[in-house]
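Provided below are the primary sequence and the corresponding predicted coordinates.
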Amino acid sequence: MPALIGAAVIAVTGIVVSAGPAPTAAAPPQARQIGCVQDVDGTGCLVPTPVAQDGPLYVDPTTPAARQVEEWTAQGRTADADALRALADRAVPLWLTGGDGTRSTVAAYTARAAAAGTIPLFVAYNIPDRDCGSFSGGGAADAAEYRSWIESVAGGLGGAESIVVLEPDALSHQLTGCAEEGGSGRYELLAGAVDAFTAAGARVYIDAGNPGFTGDAAATAAALERAGVDRAAGFSLNVANFYTTEASVAYGTAISEALGGGVRFVVDTSRNGAGRPGEPTDGAPNWCNPPDRLLGTAPTLDPGIPLVDALLWIKRPGESDGSCRAGEPEAGGWFPDYALDLVID
């Protein structure tokens, strides 16, 4: 899946944080500057990165980024640890990718968020023929298994307030003819998930790709209609990709208009602080762990942009897009050096 997936191979029960390469120095060069977080319009930076969480989204204290901060602090890499707090102190979703124990995992995560007075964010990513068998391939074996899994997720949500981003790239792959398990069956599965999660208290956003995946707002709108967007909170854009917020909002507005107007959406700003990467490097696709990217606008449920409900870090920054170059982790694996690059300008 292009630029995805931060968590396709992550079990829903937890993530093991690797120590990463051994430090070569006690502190980074003084020329480093703590992160550039993009302004909403994609034209400027806020330096230094603010650490306050904007919006009542749950910040999980056990993410790989948070654990890396602790590890680097203990090693004396205090400058690197302080820089990484720009990532660790932000809300990111729990990616749900199948496997046993889904209901209890979701219930526990939802309970922790409720205890903190915050809203949990989830990504449901288990559609059959996920990612067309690419780096984040997998998913439920068939429609029946998927429906059973959806019931497990909904049971874990239990009516509590939550946000669910539904199946990144599933519609885009359908539109491009990539998915094997497609046709009307895929739309029906997505629509069923919308209904189940909505009934369980979630605000559901069906993923609609990005401006460069199909680039066809009318076709994407038609696909969203078949997937039940009229019963969802809206749709999501730019998941794990690098399009600027401005470009994503323009594309989302076009989709909304094709749906009749007024349909709302969310945008992934997790790594769009430097915009899209250039040509592929080192033989890898330009969506796979591209160098010289930056965090985008911090997660917020009050972005102040027409039709936009939230700017979110849907892709978990610092997790690999795939083992596209020698030594890179598999999709979803924690990649500490890449994480540090995202917060250092």
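Yes, it's here.

for the lengthiest helix in the chain, enumerate the helices and strands it packs against.
Taking DSSP state H as the assignment, the helix of the chain that covers the most residues is helix 183-199. Using 3 or more C-beta pairs under 8 Å, 6 or more residues apart in numbering; DSSP states H and E, the elements in contact with helix 183-199 are helix 143-157, strand 162-166, helix 170-175, strand 202-207, helix 217-226. Yep, even glycine has a C-beta here, placed from its N, CA and C like the rest.

let's go with 6 Å and repeat that
Using 3 or more C-beta pairs under 6 Å, 6 or more residues apart in numbering; DSSP states H and E, the elements in contact with helix 183-199 are helix 143-157, strand 202-207.

buried set for the longest one?
Counting neighbours by 16 or more other C-beta atoms under 10 Å, one finds that the buried residues in helix 143-157 are 143, 146-147, 149-154, 156-157.

of those, the lowest pLDDT goes to which?
Of all the buried residues of helix 143-157, Ala143 carries the smallest pLDDT score, 94.

any weak-confidence spans in the stretch 201-345 of the chain?
281 (pLDDT under 70).

where do the strands of it begin and end?
For the stretch 201-345 of the chain, the strands defined by DSSP state E, counting those that start in this stretch occupy 202-207, 234-237, 265-268, 308-312.

adjacent strands (with direction) for the first one?
In this case it means strand 202-207. Looking at strand 202-207 with DSSP bridges, its partner strands are strand 162-166 (parallel), strand 234-237 (parallel).

got the angle for the longest one vs helix 143-157?
When you say that, I think you mean strand 162-166. Note on geometry: by axes from the mean of the first three to the mean of the last three C-alpha atoms, to 10 degrees, strand 162-166 and helix 143-157 are set 160 degrees apart in direction.

chain center to stretch 333-344: distance?
Using C-alpha atoms, centre = their mean, to the nearest Å, the mean C-alpha position of stretch 333-344 is found 16 Å from that of the whole chain.

tell me which of the strands of the stretch 201-345 of the chain is the most buried.
Counting by mean count of other C-beta atoms under 10 Å, strand 265-268 has the highest mean neighbour count of those, with a mean of 29.

excluding residues flanking it in the chain, which one is nearest Gly137?
Asp131 (5.0 Å; C-beta to C-beta, 6 or more residues apart in numbering).

count of neighbours near the one you found?
25 (other C-beta atoms under 10 Å).

okay, it: pLDDT?
At Asp131, pLDDT is 85.

equivalent analysis for the one 10 residues further on, please.
You'll see Ala141 listed with a pLDDT of 93.

quick one: neighbours of the nearest residue to it once chain neighbours are set aside, just the number.
Excluding the flanking residues, the one nearest Ala141 by C-beta to C-beta, 6+ apart is Pro128, at 6.9 Å. Neighbour count for Pro128, taken as other C-beta under 10 Å: 21.

ditto for Asp100
Asp100: 11 surrounding residues under other C-beta under 10 Å.

tell me the contacts of it?
Residues near Asp100 by C-beta atoms under 6 Å, 6 or more residues apart in numbering: none.

which SS class is it?
Of the three states, Asp100 takes coil under DSSP: H, G, I helix; E, B strand; the rest coil.

how near is it to Ala222?
The gap separating Asp100 from Ala222 is 36 Å, by C-beta to C-beta, to the nearest Å.

show me the helices in this protein, by range?
64-75, 78-88, 102-115, 143-157, 170-175, 183-199, 217-226, 245-258, 336-343.

so who does Ile206 touch?
By C-beta under 6 Å, 6+ apart, the neighbours of Ile206 are 166, 224, 227, 229, 232, 235.
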